[in-house]
Every structure is written in C-alpha cells, then in structure tokens.
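**Student:** Show me how the following folds:
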Amino acid sequence: MMDLRALYDTLRQRRRPEDVADMLLPLLQAELTPQQRATLEKAARHSIRRSMWQYTAMQQTFRAVVGADKQAGKAAELFRVTPDPAARFDDPAAIETLLRELNPLIGKEFDHHHYEADRLNREARRADGLDLSKRRYNKLFRSLRHLEQKLYRLLREYRKLEQEQVAKHKFAHRISYEEFARDPATAAFIAYYTARCNVRSEFTNQSQQRPYDEVAHMLFLRLTGSGLAPTTAAPNWWAVAQVYPAPEVLAQLTEAQKGELLGQRAAFLTDLADFLGDIWAQNDFRATTMVVKRGDDSSTWNAAAGAWNKARDSWLNLLYALGMEFVLDELCFGKVMRLMAADVAFWHRSSGGDLDPNTAVWAELPFPWEVLAGTARCTRTQVENVCRRAGLDAYKTGWLAPRPHGVVAFRPTPELVHGVSVANPYLAAVLKRHRYFSGKPAQPLRPEDN
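**Tutor:** A predicted model of the protein is given here:
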C-alpha cells in the first residue's frame, strides 16, 4: 500500500487546495494523461512551495482544543499520585479514567461536584475513614471539581470543533486512514475536494466559491471511468460518500451501506438539533433578518448552522438514494440560516440586493429542533407552499431534493484577513496582528515607531 499519511493528514487541516494539488503531482504523475496533468497543474502552480512569497498568514489547521494537562497535573500533585505516562489529557477518556481513580480516595462520586451538596462533613469523612483536615479535604475536592468541569468544557469544545469541520467538509475527518489509503485515486479526489471545501469565506456581496471545480471534476472522472485514462479498478465509494454524497456516488453503495450512512446522519442531526435549540434559547436572534447584532454568539451559531445544512444535505441525498423520499411527506425539517454580519447586509442593500429569500422560508417554517422534538410539525406540503410564497423552487434550492451543482473554473485561493483579500501574505500577517477587519478596535500601524 502506498504511504499516503501526509496526504491523509490534510483531511484534518486547512491546507490550501493548491498545496494539496502540489502534493498530488508526484503521486499521480505516472498515471495522468497530459490533459489531466495540465488540469492539476493549474492549481499546483499556485502552491506556497512555488510562490514568490513561500508563506501564507492563514492558519493551516482548524483551531486546537486546549486539553486538561494543567488541571490533571495539579490533581495528581495534590493526591500524590503519578498518572499513566501514556495518558493524554486532551483525551476525555483519559481524564475520566483519572477522575474515577482519584474520586474514591476522598469518598467522592464521579460527576458529583456541587460545593455545598456533595462535600462530606467531618462526621462523614470519619465514617469513610478519611483522616483529612477540612482544609486538605476541600483542596482535594476543588481540584477534582475543576478537573470534572474542564472535562465537560472539553467535551463541548470537541463537539463544536466537529461542527466547524462538518460545516466545511461534511464528514471527511471521520474517514480512517485504512479507508483513505485503500485506493490512491480515491484518496487524491478526497484530499483535493476536502481542501476546496475548507476554503475560507470571503467578505463579499456575491456568492462564495463553489468547491467542485475543474480540478476536482478531473479527479472524480478518474474514479468513474469517464476520464481519458482511468487508473483505478476499485474506487472506495464509501469513503467518497463521507465528503461528496452526490447521487452518482451513493448509487455505487450497497443498500446496507446507504442505510448505515442514513442512520449516522440522522443521529448527528438529532444531537445537533438539541444544540441549536439551546443556542437559540440563549440568544435573541431575529429570525426574519438573521443579521448579527452586539452580544449574539454568531461564531457558535454559524458553525452549528453550517454543520446542520451539510448534514441535512447528506441525509436528503440518502433518502432519495434509498427511494425513501416519502419520509418528507410527514417529516421535513428545514435548513438553518446563518447569521450575516451587519456590514455585509448593508452592502447587499446598498448595491441593489435584498434579503435572501431562503431567510423568509426559514423564518416561516417551524424550527428544526421543534420538529425533531415533536413539538411542531413540518411536511413536504408546508415547505412547498412557503417556498412558493418566497419565490423559490423547493426542489432546485435544496429544501426538498438534492441540490444540483455544476463545475466551476479553478480560482486561486486568496490571502484573506477576516475575509478581506490582501495581496501580500506578510502584510496580511501584520494587518491580522493589529486586528484590522476583525470588527474589533484596530491597533493602528505606526511605521514611524518601527
């Protein structure tokens, strides 16, 4: 099996598509036709390695979740124990293992850390055989309380991180290395298309870049046998379906595989619906406009909304692939609108645009978390009628059917500072450091002080 570890690692990173294309050239060069190589070269020639700057100020990874090393280390120090050297305290399972080891040492139960209700008094400590002063006991109790609270924060942050990833590339990050590396041509398409999906949004009043470009199309045609020189006899369609669940991909899966994927997507949506409902209840979003205002937790909401829409697209595609679209007659939860920055909304209006008609549909339909909780009902007929009033075709716009897409021309990834394109990556780094375009008070550049 070809070693594709470096390419596989890009699935959990935010490498530019050009850099992934540059990685693909040496892997595929012996198998590509001149035309295919020229198509891949369109992207690869813009890689960081080949650029004049050989640098980008944009993060090449998703945000990191801070583990519990500090809290775990303090607890171990206070309890005078040595944790397993192999334990990694960015792993919730390792934290829980340590907690279940330490909690009994002070007569405490796991997940019981209320400072008033769950501490033992002097008599209870004596009954448990704990020869500890009140001060010593309280210090140990607090250390475990802090560690348990960190565990819950960590679980929430991992949940949010996965939502951020799904909002970009669906479920590419769940593909195992064994599945990824089983077929190099499949790996090439997945890696490049995932990188295209991960491209950052631009500050614009036009539509964003579409991920399925001519390079992705060429790599996909090599899987279907429609290319000039298909090079693979066994594409891994299961792996492709994690990131690109198009009808022609799902048609290659067995009924059992499609059913398994449908169950996974339904479970993800059910869990995410609860999360969205909680965020909605904690904020005061305006459903009719979805324009962000001061105090709104727009980052959390937009990541969750993006993840919902990507997972819902997959769920919808799978229903049709299984011939189960009749489910929509009775259960048809809608899309979730993201919050739009006020300056972008103003730009739309000032340039002759108007509110996205999808927002009107979202505002009129029952919220998805209400539908899944059984407190509201949303059917195919409701969605058809609301879309018609908003001037939308419910089937062509993805409300009731898989959304069609075409092939777009390759466009180099712009160097962005909070969505604003900057030609020089070193200038971009300076602007970012001084908080320009961030929506926060900038720290003015003063060349005379340098």
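**Student:** from here on, contacts and neighbour counts on C-alpha atoms
**Tutor:** Fine.
**Student:** Mean pLDDT per element in the protein, and the minimum belongs to which helix or strand?
**Tutor:** Least confident helix or strand, the chain: helix 342-350 with a mean of 75, by mean pLDDT, DSSP states H and E.
**Student:** And the very next helix or strand once past that helix, what does it pack against?
**Tutor:** Tracing the chain past helix 342-350, the next element assigned as helix or strand by DSSP states H and E is helix 357-364. Applying 3 or more CA pairs under 8 Å, 6 or more residues apart in numbering; DSSP states H and E, one finds that helix 357-364 contacts helix 380-389.
**Student:** buried set for the helix it packs on?
**Tutor:** Using 16 or more other CA atoms under 10 Å as the test for burial, helix 380-389 gives 380, 382, 383, 384, 386, 387.
**Student:** which other residues reach that helix?
**Tutor:** 328-332, 334, 358, 361, 364-365, 393-394, 399-400 (CA atoms under 8 Å, 6 or more residues apart in numbering).
**Student:** Also stretch 344-353?
**Tutor:** With contacts defined as CA under 8 Å, 6+ apart, stretch 344-353 is touched by 203, 204, 205, 291, 354, 355.
**Student:** Can you verify my assumption that residue 75 contacts residue 141?
**Tutor:** No. Using CA atoms under 8 Å as the test, residue 75 is too far from residue 141 to be in contact (9.4 Å).
**Student:** For the contacts of helix 380-389, give me JSON lines that also has distance to residue 261.
**Tutor:** Putting the contacts of helix 380-389 into JSON lines (distance: CA to CA, whole Å) gives the following:
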{"residue": "328", "distance to residue 261": "18"}
{"residue": "329", "distance to residue 261": "21"}
{"residue": "330", "distance to residue 261": "21"}
{"residue": "331", "distance to residue 261": "18"}
{"residue": "332", "distance to residue 261": "18"}
{"residue": "334", "distance to residue 261": "20"}
{"residue": "358", "distance to residue 261": "27"}
{"residue": "361", "distance to residue 261": "28"}
{"residue": "364", "distance to residue 261": "30"}
{"residue": "365", "distance to residue 261": "27"}
{"residue": "393", "distance to residue 261": "27"}
{"residue": "394", "distance to residue 261": "24"}
{"residue": "399", "distance to residue 261": "20"}
{"residue": "400", "distance to residue 261": "19"}
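**Student:** Now restrict these to buried residues only.
**Tutor:** Using 16+ other CA under 10 Å, the buried members of the contacts of helix 380-389 are 328, 332, 334, 358, 361, 365, 394, 399, 400.
**Student:** where do the strands sit along the chain?
**Tutor:** 416-417, 420-421 (DSSP state E).
**Student:** Could you identify which of the ones you listed is most buried?
**Tutor:** strand 416-417 (a mean of 23; mean count of other CA atoms under 10 Å).
**Student:** Please identify the pairing partners of that strand and their relative orientation?
**Tutor:** Applying DSSP bridges, strand 416-417 is found paired with strand 420-421 (antiparallel).
**Student:** What lies in contact with the partner strand?
**Tutor:** For strand 420-421, using CA under 8 Å, 6+ apart, the contacting residues are 202, 203, 414, 415, 437.
**Student:** now, the most widely separated pair of those residues?
**Tutor:** The span of those, defined through CA to CA, is set by 414 and 437 at 15.4 Å.
**Student:** the longest helix in the protein is where?
**Tutor:** As assigned by DSSP state H, the longest helix anywhere in the chain is helix 134-169.
**Student:** average pLDDT for that one?
**Tutor:** Taken as a whole, helix 134-169 has a mean pLDDT of 96.
**Student:** Same question for that helix: list its buried residues.
**Tutor:** Those would be 137-138, 140-148, 150-151, 153-155, 158, 160-169, for helix 134-169 by 16+ other CA under 10 Å.
**Student:** now for it, which elements pack on it?
**Tutor:** helix 69-79, helix 92-102, helix 184-197, helix 298-321.
**Student:** wait, what's in contact with residue 119?
**Tutor:** 108, 113, 141.
**Student:** Which residues are in contact with the second one?
**Tutor:** The one in question is residue 113. Residues near residue 113 by CA under 8 Å, 6+ apart: 119, 141, 144, 145, 148.
**Student:** Nearest to residue 256 among these?
**Tutor:** After measuring the contacts of residue 113 against residue 256 - CA to CA - the closest member comes out as residue 148, at 39.6 Å.
**Student:** Report the contact partners of that closest one.
**Tutor:** 99, 111, 113.
**Student:** cool, residue 274 as well?
**Tutor:** residue 369.
**Student:** next one: residue 308
**Tutor:** Contacts of residue 308 by CA under 8 Å, 6+ apart are 167, 269, 272, 335, 336.
**Student:** Most neighbours among the residues you listed, please name it.
**Tutor:** residue 336 (24 neighbours; other CA atoms under 10 Å).
**Student:** Leaving out chain neighbours, which residue sits closest to that one?
**Tutor:** residue 305 (5.4 Å; CA to CA, 6 or more residues apart in numbering).
**Student:** Which residue is the nearest non-sequential neighbour of residue 313?
**Tutor:** Here the residue nearest residue 313, using CA to CA, 6+ apart, is residue 402, at 6.7 Å.
**Student:** The one you found: what's it in contact with?
**Tutor:** 247, 313, 316, 317, 320, 395, 396.
**Student:** Please report the distance of it from residue 60.
**Tutor:** Separation of residue 402 from residue 60 (CA to CA, to the nearest Å): 31 Å.
**Student:** next one: residue 234
**Tutor:** For residue 234 relative to residue 60 (CA to CA), the value is 31 Å.
**Student:** Ok, residue 302 next?
**Tutor:** 20 Å.
**Student:** I appreciate the help and will end here.
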